[in-house]
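Engineer: turn this into a model:
(chains A and B)
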Amino acid sequence: MADHVLEVEDLRVHYVTRFGAKIQAVDGVSFKLKQGEILGIAGESGCGKTTLVAGCMGLYIPPLYLTSGNVRIQGQSILGKTPEQNRKEVLGQKIAMIPQGALNSLNPTRKIKDMATDMILSHDEGADKKGIYDRLRERFSRIGLDATTVLNSYPVELPAGIKQRCVIGISTLLNPKVVVADEPTSALDVSTQKSVIRLLFELMEQEIISSMLFITHELPLLRHVSSSIAVMYAGQFVEYGTTEQVIFDGRQPYSRALMGSMLSAEPGQKSKKPIAIEGAPPKLDRIIPGCRFAERCPIVQPDCGTAPQEIRIVGERLVRCKYADTDLIQKVGGEI
Amino acid sequence: MTEPLKFEAKNLSRVFGHGKKATTAVNQVSFSIRDKEIISLVGQSGCGKTVLAKMLLRLETPTEGDLFFNGKPIAATGDPKNHWRQVQAVFQDPFSCFNQFFTIRSQLKSSFRLFETKPSEKEMEDRVDQALLNVNIKPKEVEGKYPFELSGGQMQRMLLARIFILKPQVLIADEPTSMVDACSRASILDYLMKLKEELSMTIVFVTHDIGLAYYVSDSLYIMHKGEIVERGTPDDVTQRPKSDVTKQLLDDIPDVHREWIKRDAPAPA
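Structural biologist: You can find the predicted model right below:
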């Protein structure tokens, strides 16, 4: 077995709009995920987080196309399959997703057990109904649900927290190697959020899932969830390092600004003003000559807009900024 | 504080359904909101905070108890429009607040219909421009645009632009930041503060995030199962919480400096 569960190599993914324009939504992303590792991907809306996820899962359904790059799970490439093959061989078993609007992703006209049975049947057509039901009961009790009642309920009969658990339960039925959690908690209140995260950790402890990609725009949440963080901006990673490095000692203006826009309920923090990042991310339908963050960067220098900025190693992590190793960077974001 | 009372509620309740299936959304709640105050209603999903906010907006009728606005019973304003001239809201999902088939500008302009006397065409245009500038959007940016062409953060600012046009006395902000991402959240909060400072508006901020509430408000009301379980100044409530619900809420916020969930983290890459 390879060292890394998931390997993404220089992945480039684009959309084609109905006017024929090409939008390079993910532009050269590489990362590796170890067994048991949780990688957090942070960034604002529209930076390409969800497209990256679709790319990693091989969901190339028009208007989304693969430009170049490779995705390997346990050493085997998952690209170049038909959607049908992909669904049968990859999704659910190798990589599974916990969707963003988890509460709306259950079919309201079907019982939980029917949806879960579908999941198993689509990968193992010969399985018998009785066996499946026992398996479901066993799994749902393991994730702390009253299995018999929940399985026989319709989604509307269940409260939000339980529904979220069901979605996670169904997604992880086939013990996928990698779980992609795409903003699993953004629609939940803080208390439910905590219980969902706790459940994900339990699943990892029970070795039902082994590694996780956790997508969110809440950096403080990643502090507690992930072991490493990649900050994404305009389709590229701008900083990729351990959680401690990115959160407490960011070296890229964007990740520092992102951290500076958070607030907390700590004593004495009321005077600390969250700083918004003004402006919007650049449009990706054209080639951007220089650094992509230059337009909004608070410490932009005259030569930032000319040459594309490559990602490089600064202070033991990957950073995409010309001035990452200068004092200039300390001016962004302020105290955390 | 010697400011006059804006809202006063006495034993306010709202029950949905009846008999065995009755659900008490708001249960015997009493409070008062003073002029130019920012108060926050904080609680988990389903604790009744939105129902309470809707009662303040006259979108729900209380089943029991009295609600006074500016010293008069709320139902006595007659035409609800009279009430809405003074009390306005910003909701959670800005996309569901705008009609997809009309341009944003025309919809902002149509908010003048609420006024008793409509200003002149020229003045309306100017005031829309001014309101857009207030929320940091160049009027040209949204010229001829429809709601689906804008991002969530921009749409939420459009809702706030509407408030800058209408200039109500009270603004009810029902989870205005839960649909926007973290970087836009800070700017939305800035505009709320601006509304308070420049237009001396009274703001009722409804949220599940006690951290946000702590940041914006003058007093906090913690709700649980339809009741207000704790109230006080933000510093008192967050630093010396008395109720278990408050402690739980504070504990559940992922904060960078505090341990949140115990777990043996695997070695990072």
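Engineer: all strands of the stretch 51-200 of chain B, in order?
Structural biologist: B:64-69, B:72-73, B:87-90, B:170-174 (DSSP state E, counting those that start in this stretch).
Engineer: what would these look like in CSV with mean pLDDT and mean neighbour count?
Structural biologist: Quick note: C-beta positions are derived from backbone N, CA and C, even for glycine. Converted to CSV, the strands of the stretch 51-200 of chain B look like this (pLDDT from 0 to 100; neighbours: other CB atoms under 10 Å in any protein chain shown):
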stretch, mean pLDDT, mean neighbour count
strand B:64-69, 91, 17
strand B:72-73, 90, 10
strand B:87-90, 92, 24
strand B:170-174, 93, 23
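Engineer: so which of those strands is nearest residue B:227?
Structural biologist: Comparison of the strands of the stretch 51-200 of chain B against residue B:227 by CB to CB identifies strand B:64-69 as nearest, at 12.8 Å.
Engineer: pick out the residue nearest the middle of chain B.
Structural biologist: With distances taken as CA atoms, centre = their mean, the residue of chain B nearest its centroid is residue B:173 (1.1 Å).
Engineer: likewise chain A?
Structural biologist: Short answer for chain A (CA atoms, centre = their mean): residue A:215, at 2.7 Å.
Engineer: and the helix or strand where that residue lies, how far out from the chain's middle?
Structural biologist: Assigned by DSSP states H and E, residue A:215 belongs to strand A:211-216. Chain-centre distance of strand A:211-216: 4 Å, with CA atoms, centre = their mean, to the nearest Å.
Engineer: picking up where we left off before, closest to chain A out of the strands of the stretch 51-200 of chain B?
Structural biologist: Closest of those to chain A is strand B:170-174, at 13.5 Å (criterion: CB to the nearest CB).
Engineer: which parts of the stretch 1-150 of chain A are strands?
Structural biologist: A:4-16, A:22-34, A:38-42, A:64-73, A:76-77, A:95-98.
Engineer: what sits up against the shortest one?
Structural biologist: With CB atoms under 8 Å, 6 or more residues apart in numbering or on different chains as the contact definition, strand A:76-77 has outside contacts at A:70-71.
Engineer: re the thing from before, just the CA coordinates of the strand holding residue A:215, formatted as CSV?
Structural biologist: The C-alpha trace of strand A:211-216 is given here as CSV (Å, rounded to 0.1, in the frame of the first residue of the first chain):
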residue,chain,number,x,y,z
SER,A,211,-8.8,10.2,6.3
MET,A,212,-10.8,13.3,5.6
LEU,A,213,-10.8,16.5,3.5
PHE,A,214,-12.7,19.1,5.5
ILE,A,215,-13.9,22.1,3.5
THR,A,216,-15.0,25.2,5.3
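Engineer: now the stretch 1-150 of chain A against chain B: closest residue?
Structural biologist: Closest point on the stretch 1-150 of chain A to chain B, by CB to the nearest CB, is residue A:36, at 4.1 Å.
Engineer: that residue - how many residues pack around it?
Structural biologist: 17 (other CB atoms under 10 Å in any protein chain shown).
Engineer: tell me, how many neighbours does residue A:142 end up with?
Structural biologist: Neighbours of residue A:142 (other CB under 10 Å): 14.
Engineer: in this structure residue A:190 contacts residue B:251, no?
Structural biologist: No - with contact defined as CB atoms under 8 Å, residue A:190 does not reach residue B:251; the gap is 9.2 Å.
Engineer: wait, residue B:250 sits on residue B:238?
Structural biologist: Yes - under the criterion of CB under 8 Å, residue B:250 makes contact with residue B:238 at 6.2 Å.
Engineer: now the residue of the stretch 1-150 of chain A closest to chain B: phi and psi?
Structural biologist: The phi/psi pair for residue A:36 (degrees, to the nearest 10) reads phi 80, psi 0.
Engineer: and residue B:9, by the same measure?
Structural biologist: phi -120, psi 140.
Engineer: need the pLDDT of it.
Structural biologist: pLDDT recorded at residue B:9 is 92.
Engineer: verify the stated contact: it with residue B:31.
Structural biologist: Yes - here residue B:9 reaches residue B:31: they are 5.4 Å apart, a contact under CB under 8 Å.
Engineer: which of those two has more neighbours?
Structural biologist: For residue B:9 versus residue B:31, neighbours defined as other CB under 10 Å are more numerous around residue B:9 (23 against 16).
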